[in-house]
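K.L.:
Structure here, sequence nowhere to be found:
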């Protein structure tokens, strides 16, 4: 499970439009890589819309935003279209990247244990190292925390 100071695991994932993204292609930029459980659910929608609404402030700091979940590219496309999400949503149906970042966890929902994505965000510096990480993210105020961590 990578942590602050580690090299961020590389990835190669398709976005909602079928374009493939790798971490290497963002070398030299700050990357906000956020993992979320499911498209078009209340918490995930609130988080995505908060990143959308603050995209200008993030890009002003030289960073890009990439969202990742296990949903399909078609699901991502519907979600992005519905909420005008202007950043890539990467599809990880095999959970290879989700596992590489250690965010596939046992969750307890209403007393029932299930496996799922633990809402997490990683700030990756221009050299490809993890500069900050947030696990078990609470959506309210999270975008502001990420903005504060960007130089």
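P.N.:
Received, thanks. Since the structure is predicted, the reported quantities are computational estimates derived from the model, not experimental observations. Residues are numbered from 1 along each chain as shown.

K.L.:
among the helices and strands of this structure, which one scores worst on average pLDDT?
P.N.:
strand 104-109 (a mean of 85; mean pLDDT, DSSP states H and E).

K.L.:
and the host helix or strand of residue 45, what does it pack onto?
P.N.:
Using DSSP states H and E, residue 45 sits within helix 42-53. Contacts defined by 3 or more CB pairs under 8 Å, 6 or more residues apart in numbering; DSSP states H and E place helix 42-53 against strand 30-35, strand 63-69, helix 73-83, helix 142-149. Where you see a C-beta, it was placed from the backbone N, CA and C, and this is true even at glycine.

K.L.:
starting at the chain centroid, how far to that helix?
P.N.:
Distance, stretch centre to chain centre, for helix 42-53: 11 Å (CA atoms, centre = their mean, to the nearest Å).

K.L.:
same deal with stretch 132-151?
P.N.:
Going by CA atoms, centre = their mean, where stretch 132-151 is centred and where its chain is centred differ by 11 Å.

K.L.:
helices or strands up against the helix or strand just after the least confident helix or strand of the chain?
P.N.:
For strand 104-109, the following helix or strand on the C-terminal side (DSSP H and E) is strand 112-117. Judged by 3+ CB pairs under 8 Å, 6+ apart, strand 112-117 is in contact with strand 104-109.

K.L.:
in the strand it packs on, what counts as buried?
P.N.:
Buried residues in strand 104-109, defined by neighbour count with 16 or more other CB atoms under 10 Å: residue 104.

K.L.:
can you list contacts of it?
P.N.:
95, 98, 113-118 (CB atoms under 8 Å, 6 or more residues apart in numbering).

K.L.:
List just the nearest of the residues you listed to residue 69.
P.N.:
Residue 69 has its nearest neighbour among the contacts of strand 104-109 in residue 117, at 6.2 Å by CB to CB.

K.L.:
First-to-last residue distance for stretch 78-90?
P.N.:
13 Å (CA to CA, to the nearest Å).
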